[in-house]
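*Asks:* what's the 3D shape of this:
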Amino acid sequence: MFEFLFKYSRRTFEQGELLFASGWPLWLLALLVVFAAAVIGFALYRNRQDLGLVKLVTLGVLQTLLLAVALTLLWRPALLSQTLRPQENAVAVLLDTSASMSYGTGAQSRLQQAVAALNESALPELGANFEIETFAFSDRAVAVESLDLLPAPGPRTRIGDAILTVLRGANAGALGALVLISDGADNSDELDAAQIAEIAGFGVPVHTLGVGREDLDEDLELEDVILPAQGIPGSTVGAQVSVRHGRSSQAQLKVYDGDSIIASEPIDLPSQSGVTTRLIDIDVGDAGVRDLRFAIDALGGEQNLVNNTQIRPLEVPERRRRILYIEGEPRWEYKFIRRALDEEAPVGLATLLRTTPNKFYRQGVDSAEELADGLPGDERTLFAYDAIIIGSYEAAALTPEQLVMIRDFVSRRGGSLLMLGGRRGLADGGWGLTPVAEVLPARLPEIEAPSFLRYPAKALLTADGERSLLTRLDADDAVNRRLWEELPDLADFQYVSGLKPGAAVLLEAEIQGSSEPLLIHQRFGLGNSYILASGGTWRWQMQLPHEDQRHETFWRQLLQALAASAPEPVMLSTQQVFYADETTVMLRAEVRDRDYRPAANAAVTVSIDDGFNPPVTAAMTPVPGEPGVYELGHEAEQPGIYRFEATAELDGEVLGDARVAVRRQDGVAEHFRIQQDRALLERLAGATGGRYFALDDADAIPEAVQFSEAGIVERQILDLWNMPVNFLLLLLLKAGEWLIRLRWGRL
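*Replies:* Numbering: from 1, shown residues only. Here you go, the predicted model:
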């Protein structure tokens, strides 16, 4: 209908530039219209006795408009249109043939639907005016003779690389446009703003044809699993699981170690589509490499089951972590903290309890010499521990050198420090005036009165505490909050002055009508520091039934977190622990000497075991500008688990070793995020001057291509004076005037 009335398509008007082909000045047209209006007004004014004001104005407007339209047509209105010159330009058609295009609805896949839509009208019409260059792509673009000769589904979608390959290989000035047919499910992580800007720099419009549904309500996707690369033997680690969903349902998550289910958790998914994240606790087990498989049970009617599973390796080193606990007086807190860990616990607790001013009672030591002289007086002995806990113990009992060592233990060694409330703890122990105060997450008050008070205090979770694994008593958020609210009151509390920047409060204490920080955490240097502003958590155990494990669970999690975060002299890491259809594993080793300073001249080698061939050894290369850091890239060609073990030596002395395991798997990436990413396709088209089309609008592509500003173009002047709508308008204006005259009595 639009073309019938206006002679040309809507797109022609949008792209064209309005002008008047007569060449006569526009001021003359305006002058004639004004003169005609004056003449008409004068003629009607002569009959003012027979006409009222309304009739006079109505007839004057209609007659003036009629003459204005007629005069405008005499000036020959036209459109200046710029289009690609037929038979002298090429159009590239780039078809996505990755594995995600094999999904679809009904009997046809997305790829089949796209080919059918193109062959129906778009390609024949394009072929009549332009040379068509056809390409297929997944991880790379390849030329194909026709859409009937397409390669097998590819393992990845690299939209940006494919477009750049075509643009770089095109003849200069001959490529008028590029048509991309895809679901937009790019999984290369490279199609960012910079790459889109590079594509736009070629000046060739990219028209995108979106294929596939934008919402897949029936599909559940285990989008990601965040799991620590290492765990402590016999401990529990938390895995953060993200589930993408389109409707309300309950997903059953299961975690397998081999064929055994080691964890199972229902996840309630809300009705609003999006990503739901939950935490699930996993028992680490014995030392070794765990190959953990996370799986969600399928919904009824779900077709894509590949994206219901994620695999993550977990390295469990054999070394037992060690914590040094210094307590200045016998108290219940000391007893119950020790009881929270049994002899087989993954964390060893060596304690130094002062029983008299000059006498200490040692427990949990590995030898008769350990802690025989009290707190170690040299760095290397102290740095052998992974964490330090200081209870009701005054700072004046330590030497200035020992206080500096505790500070360096956190900042340089990377260990953890936990300060407990007590009569001689925190501010009342004089710690606020020592170098140790630098690492604490809160400032200590400078007052004459005691900051440690024996008042009942209620421990409650904060928002940060709800997200922390330290304070998780149950995997369900609501249950976890309730379990904390039901705990008995603490026996005492100690005030701090104020939080430092970057500190996070995990627990608050309700005391005397106000809320005060109770459990505070902060990163400092390479390590972590904590304050637990109470010495009365033992009341939780004393006032709860003997089978209630909340006190033990809290302290086990806290002690494990203290010890597990401390780095080893040699740390080996990778950018990720799971590689889907990627082959290059980048290894990074951070090496420190016996004093935990960067070892810049170490010899670092890596033993690589792929499970198929005998282990091989390779040397790591120092990273310029980063002392003590070494890198190595390894091509993991076969899918499976790869185990890497790095060993560092300095001046003939072995500094230590470290292990990490990664899993590589093929044919996975294309089965995640398979819904059409329309936003990406629209952004790509908009940045290059192209347009986005839905699959049902594929027949509109040839016209959009025709108005490209790239390639070899020609200009045309299209007359608008003879459009049917012009004569229809003249007829309506004159007919309207006569109808009004008839109604008013043939004026």
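*Asks:* where in the stretch 51-200 of the chain is pLDDT low?
*Replies:* Residues of the stretch 51-200 of the chain meeting the criterion pLDDT under 70: 51-53, 79-84, 171-173.
*Asks:* All the strands of it, residue numbers only.
*Replies:* With DSSP state E, counting those that start in this stretch applied, the stretch 51-200 of the chain shows strands at 77-84, 90-96, 104-105, 108-109, 131-137, 141-143, 175-182, listed in chain order.
*Asks:* Buried deepest among those strands, which one?
*Replies:* By mean neighbour count, with neighbours taken as mean count of other Cβ atoms under 10 Å, strand 175-182 ranks first of these at a mean of 28. Quick note: C-beta positions are derived from backbone N, CA and C, even for glycine.
*Asks:* quick one: contacts of that strand?
*Replies:* 84, 89-96, 101, 114, 118, 122, 126, 130, 157, 159, 163, 166-167, 204-211, 681, 684, 690, 701, 704-705, 708, 710-712 (Cβ atoms under 8 Å, 6 or more residues apart in numbering).
*Asks:* could I get it in PDB with only the CA atoms?
*Replies:* Once side chains and other backbone atoms are set aside, the C-alpha atoms of strand 175-182 remain, and they are given as PDB (Å, rounded to 0.1, in the frame of the first residue of the first chain):
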ATOM      1  CA  LEU A 175      32.200  -5.100  -1.600                       C
ATOM      2  CA  GLY A 176      28.900  -3.300  -1.200                       C
ATOM      3  CA  ALA A 177      27.600  -5.000   1.900                       C
ATOM      4  CA  LEU A 178      28.000  -8.100   4.100                       C
ATOM      5  CA  VAL A 179      25.000 -10.200   5.200                       C
ATOM      6  CA  LEU A 180      25.500 -12.200   8.400                       C
ATOM      7  CA  ILE A 181      23.100 -15.000   9.200                       C
ATOM      8  CA  SER A 182      23.600 -16.300  12.700                       C
END
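*Asks:* Relative to it, what are the paired strands and their orientations?
*Replies:* strand 90-96 (parallel), strand 206-210 (parallel) (DSSP bridges).
*Asks:* Which residue, other than its chain neighbours, is closest to the spatially most central residue of the chain?
*Replies:* Closest residue to the average C-alpha location of the chain: residue 224 at 9.9 Å, with Cα atoms, centre = their mean. Take residue 224 and drop its neighbours on the chain: the residue closest to it by Cβ to Cβ, 6 or more residues apart in numbering is residue 242, 4.6 Å away.
*Asks:* again with residue 78
*Replies:* Using Cβ to Cβ, 6+ apart, the nearest residue to residue 78 is residue 21, at 4.4 Å.
*Asks:* Report how many residues lie close to that neighbour.
*Replies:* As a burial measure, residue 21 scores 16 neighbours (other Cβ atoms under 10 Å).
*Asks:* what's it in contact with, if anything?
*Replies:* Going by Cβ under 8 Å, 6+ apart, the list of residues near residue 21 reads 76-78, 717, 719.
*Asks:* Farthest-apart pair in the residues you listed, please.
*Replies:* In the contacts of residue 21, two members sit farther apart than any others by Cβ to Cβ. They are 77 and 717, at 10.7 Å.
*Asks:* shared neighbours, these two?
*Replies:* Shared between the contact lists of residue 77 and residue 717 (criterion: Cβ under 8 Å, 6+ apart) are residues 19, 21.
*Asks:* Can you show me the strands along the stretch 351-500 of the chain?
*Replies:* Using DSSP E, counting those that start in this stretch, the strands found in the stretch 351-500 of the chain span residues 359-363, 387-390, 416-420, 442-443, 452-453, 458-461, 493-494, 498-499.
*Asks:* Dump those to CSV, plus mean neighbour count.
*Replies:* Written out in CSV, the entries for these read as follows (neighbours: other Cβ atoms under 10 Å):
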stretch, mean neighbour count
strand 359-363, 13
strand 387-390, 26
strand 416-420, 25
strand 442-443, 18
strand 452-453, 18
strand 458-461, 20
strand 493-494, 28
strand 498-499, 13
